[in-house]
Structure formats: C-alpha cells, structure tokens
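Student: Test case, fold it:
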Amino acid sequence: MICNWLRQILLFFLFHVYCISGWAQHYEIPELRSAQLEDLAEKKDIEPQDDSYALELEQFRIHPLNLNTASEEDLVKLQIPDIIQIRNLIQYRKLLGFLLTEHELQAVPGWDIETIRRLLPYIRIGRDESVYSALKERWKGGDASFLIRTSQVIEKSKGFEKPANPDASHYMGSAERIFIRYLYNYKQILAYGFTGDKDAGEPFFRGAQRLGFDFYSFHFFLRHTGIIKALALGDFTVNLGQGLIQWQNIAFSKGSQALGVKREASCINPYHSAGEFNYHRGAAISLEKGNWESSFFISLQKISTNPLADTSGQENLFSSFQNSGYHRTATEIANRNNSEQFSMGGNIRITKPGFMVGMNYIEYHFSRSFNKKPVPYNLFSIKGNELRDLSMDYHYTISNLHAFGEIATDQHKHIAIIQGALVSLNENLDLSFLYRNISARYQSLYSDAFTENSTPVNEKGFYTGFSYRPVQGLQADLFYDVYHFPWLKYRVDGPAAGMDFSVQLKYNPDKTWQLISLYRNEYKTMNGDAVHPGTHPLINILKKRWRLSTVYNISRAIGFTSRTEFIWTDSKGLNQQRGFLGMAGMRMSRNHTDANFAILFFETDGYDVRVYTYEADVLYNYTLPAYYGKGIHYYINVHQELSGLLNKSESHLKLSGWLRWGQTFYPGYKSIGSGLDEIPGSRKSEWKVQVIVQWQ
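Tutor: The predicted structure follows:
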C-alpha cells in the first residue's frame, strides 16, 4: 500500500507540472455546472438526463439576452449570477438607467470579474425590442434543429447472449442506444418539438416496440401572450416553492457553490429530455396580471411500476416506481406503463418590490395502491392510491439581506419547513444560512429540496456558507452543515446524525490559468456488520476528500486541464478504505474542428470510495462515470462543423457532427460489471456519434 501511495503522489506532481508549465495567453473559466453535476451524481447515484439548462444556454448563445430589458426570471435561467447580484442589477437599472457597455457591469454592486466573464457569451447590451410580439410572427423566423445521437458499448454483455433456457432473463433488443429530437424555438417565447429514445437492450421496430422507440415525448410551450405568461401542452415539468412538495428540474444542494442554497426556476417548463420519469403529461398555464400570478396544471400519464400482489393474489399494489426507463427484459417490458398516474395542482402568488408570498398545492391519484416493502425504515412511507401536499413559500429583501422559505404539510398534516437567507456583508464577503426541519412522517413525490437526504423527509439540519474574495483572482467558498435523522433510513437502523464541512480555494490570477483546491470532510452514521441476523450496530464513518484541479490555456486553440483526487474513509480504525484518481487532458481547436481528450488513472479499495468525474461529451449529453477498483480510462471527443459539405443553395442550413470514443482497462480483472451487464474480460469500450442539423 505504501508503494501504491508513493506512485500516486508521483503521478500527482507529474500531472500538475505538465499542465501548468510553459505557455499562456487565453483562458475561459470552466462552468461550475460540471462540479455541481458530480455532486448530484454522487448524492443520488444516478447520471442526470435533464439537458434543459444546456439547451437554454445554447439559445442564449445564439440569441444573447439583453441585460437592459431582461427580467429577474430571465436572469435566473442563466444560473450564473446569484439572486443578490440579479436584484442589484435590476435596482441599478432603475436608479441609473440602461447600461451603456458590458464594462459597466463592474459598477453594479456585488458583480465580480469572474461572474461577468462567465456571463459574456450569453448576454448583450442594447436598447431595443420587447419580448412581446404578435403570435402569428412566432411561427416563422425561429430556429429549428434536428438531432440524432447513437452510442454502443462494443463488448457484448451477458444480457445480449442467447440464453440456453428460453425463459431465462435476457435483453430482447439490440445493443445500440438511439436518441432523436426535433426542436423549434422562437426567442424562447414559442417552442415545440418531439423526442424519441431507445436504450441499449430495448427492442426497436419489432417485438414489444413495433412503433419504434420505447419512449416518445412531445411538447408545446408558449410565453408572453397577453395575460398568459406561459402555456404548456404535452410534456412539461413543474417547480413549486423551495422543492418541498414539487421540483422536477435539476436542482443542486451542497457543493462547490457555498451560496447556492435557494431554489430558483420558472414554475412551468417544457420537457424535452431522454429521461422517462419525473415529468407531467397534459396541460399547464401560468397567468400574470399586475402583481398577481397563478399557475395551474393537470396531467394523466402511464407509469412503469413494480407490481405487488395483495392478499387476494391480485396485483393491485405496487412497491416502487421503475424510474430507470429501461424496458429490456421480458419482466421490464411486462411492467412498462402498467399503472396510471393522475395529478393536478398549481400555485397563486403576489409579488411586490422586495417581497413575494405564494400558496402551492398538488395532488396525485394512482390506478394501483402504493405499498412499499414492509421494513422498519419504510414505516412512514406513502401508502394508498392518493397523495396531497400544500405549502406556502415566500421571500423578501431588506437592504443586503434576502430571506426565503417554505412551509409544507401533507394530507396527514405532517410538517416540513425550510428557512434560508443570503447576506451580502460587503463586496468581498457573502454569507448563506439554511435551516430545515422535515418530519419523518412527511410524504411528498417528485420533490427535491435542499437536504442531505435525496428526498425531503426525516431530517433536521442547519447549513452555513461563506464566500470570500479577499483580492481579485482569489475566492474562498466554505460551508458547514450539521444534520440529524430522527427515524431510521436505508442502511441506518436507528436515529443518526452527521456533519459535513467543505472549503474550496479558487485562484485565478489572470485569464490564462485557474487552480482549484477542494477539501471536504463528511461524518456520517451507518450500519456496521451484523452481529445477529437482522441487527446491525451503528458506526460512525469519517470520509475525507482532497481535490486539486487546474485549467491552463496556451491560446484560444490549445488548453490543458488536470485533476488529482484522494479519498479516505475510516470508522474508528476499522474498514479503512482509500481511493485515488489522476487525470490529464487537452483541448484543441482549429478552423471548424474542436477536439478534447483525456487519460486518467484510478485505484480505490471499493465502491464506497468511488470517484465521480465529469467528462467532455457531445453537445447536450452528460458523462459522469463512477470510477472504482483499479484501472486506466481515456476518451477522445471531436466536434466538426460540416456545413461545408452542403450545397451553396442550402446555405441556410448548418450541419454539425460529434464523435466520441472512450475505453477503460481493468488490469487483472476477469469480468466487468454484474448481472446481465457483466462483460467478460478486462476492457470496456464505447463509441458515440451525434449529428445536428439547424435551420431558420
């Protein structure tokens, strides 16, 4: 083990010396989104599929947002300035009038150079147009695109082998994954389109899927038409309050942004992603008149569940949702769309300068009764075929203090509370606080609040965050969170507590180089090894993480990146585990071609010290693998503008292509994965191709 760690430390220095030596001219700060996605993937142990934010950013890049006319809601969509910065900009416009140039943003209180630099690709300064336009004008002159993406793991897993027993579980379809999407968008005030998605192993135009894709989706979305603020038909998502009763877009909790504690998003949004769960299908509308705003929605959709027989032997119950979207085996196909979900709800709110208060309501009805596995930690879980939640949310601003919160109750009058505050003490120091108190009996569905748990239930805690910028180019983000779980949890057979501490230093001396150092310390209570059947003692586990990453650009055309990460876990000297990951990458751009590639080494003692890493991928797609065990991974990602292949008569068309290749080696392994996904051998390879055609 000592030799292994010496080798890892040597690799650490080689990576960072390689990536910060030599050249410099231009540097673009990487999006904080990648670090947030890593935190989300680790918290929920899933790979996010909602690409709405990437789509919105691309629209803002094509049609930059005019900061002189942008509303608070428009600025929130960028997810770059925080709510205090947004309100300071709006107040600045009221007092001093329109901005004259982008340089004037430096005079807005709380706006720093880094925020402005990240914002520049998506904004402009102008005095023209209102977003309101005649409805008939919106059907022409917009941007249209058609995307097709396909990928496949080269090595054949057990699921694709023809079983000796015809009744044995196996994948019924081919190994390719295929995704298509058509979108029309007019300045983000009229949008419609459709998507189709086939996962690896699912039939395609045969068997159970004679109509082609396993999942089809359609959306129509209209904004700013008279008193209609938003109208959605087809598939859409709903966000209410601070997420205690409903939040369906991607939302982040603790991570690299110490001030990112408040949920901010439009109530109703179109849904056009590949995920087959956590959205509504029906109709929704938001109405706005003066200081009043109301939103309502109604939805009826088929969902996939795991059926459970009742006492009479009839399958009138279900124990859980099948939220993976996979329908590959005979069992998965049989359970596809086997239940119905009816939902309705909405909110009403009044907004005045510096103040907002709203009421939110939602209810669900299922064609089967929900009945989770009868284990102690599920004692207070949802039961029956209906659920209702009601909440009040609010925020107010006084000088440099912005306070917000939500109080919710379910149909059984169990309470959940979130109260937070953002404070700007001066131009260099910001603070955030968040208190939550959520009953172990509280019940909600499709909710996502700022909690330690993956869903808001069974938790009390207090979070404190600091963001300090002592000098230009240096920023420190720190948070400290303490929490308590009054009732049992999965793998925690008793009341438990925990603590989470993190400090991140970001050094950005000029436009060419950035260095980030992150240290995180997590202290949790978990089950130990069973002493008697069904009985586990509780043990305290300390998990430490240190990460050092750099980005260094020679010019606009060439840049380097590196990352080194160490993880330790310890439970009073027992079950010690360690993990290491080292990565070095490079990007290049020339004419109409962009390419990036990276190689990384990882060595961990087990899954509990896995490392999630965001990797460059084709546009609108995420790759967030969890690395554990011992191995080497590399990937190559190439983007090529292909419009030159088209005839001049088709100059209004834009054609772009992406190609990605990734491969992982596990030396000494006889197989990779488990179950039907087990691959014989020590190598796993995947290719991915994407083509987008755009026109106006």
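Student: secondary structure element for the residue most central in space within the chain?
Tutor: Relative to the mean C-alpha position of the chain, the nearest C-alpha, by C-alpha atoms, centre = their mean, is the one of residue 250, at 4.3 Å. Following DSSP states H and E, there is no helix or strand that holds residue 250.
Student: Quick one: residues contacting the closest residue to it other than its chain neighbours.
Tutor: Closest residue in space to residue 250, ignoring its immediate chain neighbours: residue 50 at 4.9 Å, by C-beta to C-beta, 6 or more residues apart in numbering. Yep, even glycine has a C-beta here, placed from its N, CA and C like the rest. Applying C-beta atoms under 8 Å, 6 or more residues apart in numbering to residue 50 gives the contacts 249, 250, 273, 275.
Student: In the residues you listed, which residue is surrounded by the most others?
Tutor: residue 273 (25 neighbours; other C-beta atoms under 10 Å).
Student: circling back to that earlier point, what's the farthest-apart pair in the contacts of residue 50?
Tutor: Farthest apart among the contacts of residue 50 by C-beta to C-beta are 249 and 275. That separation is 11.3 Å.
Student: okay, residue 308: pLDDT?
Tutor: You'll see residue 308 listed with a pLDDT of 87.
Student: from memory it sits against residue 335, does it?
Tutor: No. Between residue 308 and residue 335 there is no contact under C-beta atoms under 8 Å: 11.2 Å.
Student: Can you pull the residues that touch both of those two?
Tutor: Common neighbours of residue 308 and residue 335 (C-beta under 8 Å, 6+ apart) do not exist.
Student: returning to what we had before: state the three-state secondary structure for the residue nearest to residue 250.
Tutor: Following DSSP: H, G, I helix; E, B strand; the rest coil, we place residue 50 in the coil state.
Student: Kindly provide the distance from it to residue 663.
Tutor: Distance check for residue 50 against residue 663: by C-beta to C-beta, to the nearest Å, it reads 27 Å.
Student: ok, now residue 265?
Tutor: 37 Å.
Student: Check residue 87 too.
Tutor: Residue 87 is 48 Å from residue 663, by C-beta to C-beta.
Student: More neighbours: which of those two?
Tutor: More crowded of residue 87 and residue 663, by other C-beta under 10 Å: residue 87, with 22 against 15.
Student: domain parsing for the protein?
Tutor: 1-26+472-696, 31-129, 154-403 (automatic domain parsing).
Student: among these, which is the most enclosed?
Tutor: domain 154-403 (a mean of 18; mean count of other C-beta atoms under 10 Å).
Student: For that one, measure first residue to last.
Tutor: 52 Å (C-alpha to C-alpha, to the nearest Å).
Student: and if you look at stretch 67-78?
Tutor: Start-to-end, stretch 67-78 (C-alpha to C-alpha) is 12 Å.
Student: and it, average pLDDT?
Tutor: Here the average pLDDT along stretch 67-78 is 88.
Student: residues in contact with that stretch?
Tutor: By C-beta under 8 Å, 6+ apart, the list of residues contacting stretch 67-78 from outside reads 56-57, 60, 65, 81, 83, 86-87, 89-90, 93, 98-99, 105, 119, 122-127, 129-131, 264-266.
Student: any chance you could map the strands in the stretch 551-696 of the chain?
Tutor: Counting by DSSP state E, counting those that start in this stretch, one finds strands in the stretch 551-696 of the chain at the ranges 558-571, 574-590, 593-604, 611-612, 626-627, 630-641, 654-665, 671-672, 679-680, 683-695.
Student: now do the stretch 51-200 of the chain
Tutor: Assigned by DSSP E, counting those that start in this stretch, the stretch 51-200 of the chain shows strands spanning 65-66, 123-124, 143-153, 177-186, 190-198.
Student: Next, the angle strand 143-153 makes with the fourth one.
Tutor: Strand 177-186 and strand 143-153 are oriented at 170 degrees to each other (axes from the mean of the first three to the mean of the last three C-alpha atoms, to 10 degrees).
Student: Would you mind extracting the C-alpha trace of strand 177-186 into CSV?
Tutor: Written as CSV, here are the backbone C-alpha positions of strand 177-186 (Å, rounded to 0.1, in the frame of the first residue of the first chain):
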residue,chain,number,x,y,z
ARG,A,177,-28.8,3.4,-27.8
ILE,A,178,-30.6,5.9,-30.1
PHE,A,179,-32.0,9.3,-29.3
ILE,A,180,-33.7,11.8,-31.7
ARG,A,181,-35.1,15.3,-31.1
TYR,A,182,-36.7,17.9,-33.2
LEU,A,183,-37.0,21.4,-31.7
TYR,A,184,-38.4,24.7,-32.9
ASN,A,185,-37.7,27.8,-30.8
TYR,A,186,-38.6,31.5,-31.4
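Student: For it, which strands pair with it and how are they oriented?
Tutor: Note on strand 177-186: by DSSP bridges, its sheet partners are strand 143-153 (antiparallel), strand 190-198 (antiparallel).
Student: Any chance of TSV for these, columns mean pLDDT?
Tutor: TSV is the format used below for the strands paired with strand 177-186 (pLDDT from 0 to 100):
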stretch	mean pLDDT
strand 143-153	96
strand 190-198	96
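Student: Make JSON lines out of these and add distance to residue 680.
Tutor: Formatted as JSON lines, those follow (distance: least, C-beta to C-beta, whole Å):
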{"stretch": "strand 143-153", "distance to residue 680": "13"}
{"stretch": "strand 190-198", "distance to residue 680": "25"}
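Student: Compare these and report which one is nearest to residue 211.
Tutor: Taking the strands paired with strand 177-186 one by one with C-beta to C-beta, strand 190-198 is closest: 9.8 Å.
Student: so what's residue 180 up against?
Tutor: 146, 147, 148, 149, 195, 196, 197, 213.
Student: can you check residue 657 too?
Tutor: With C-beta under 8 Å, 6+ apart, residue 657 has these contacts: 639, 640, 642, 689, 690, 691, 692.
Student: which one is the third one nearest to, not counting chain neighbours?
Tutor: Excluding the flanking residues, the one nearest residue 642 by C-beta to C-beta, 6+ apart is residue 655, at 4.2 Å.
Student: Kindly state the beta-bridge partners for the one you found.
Tutor: residue 693.
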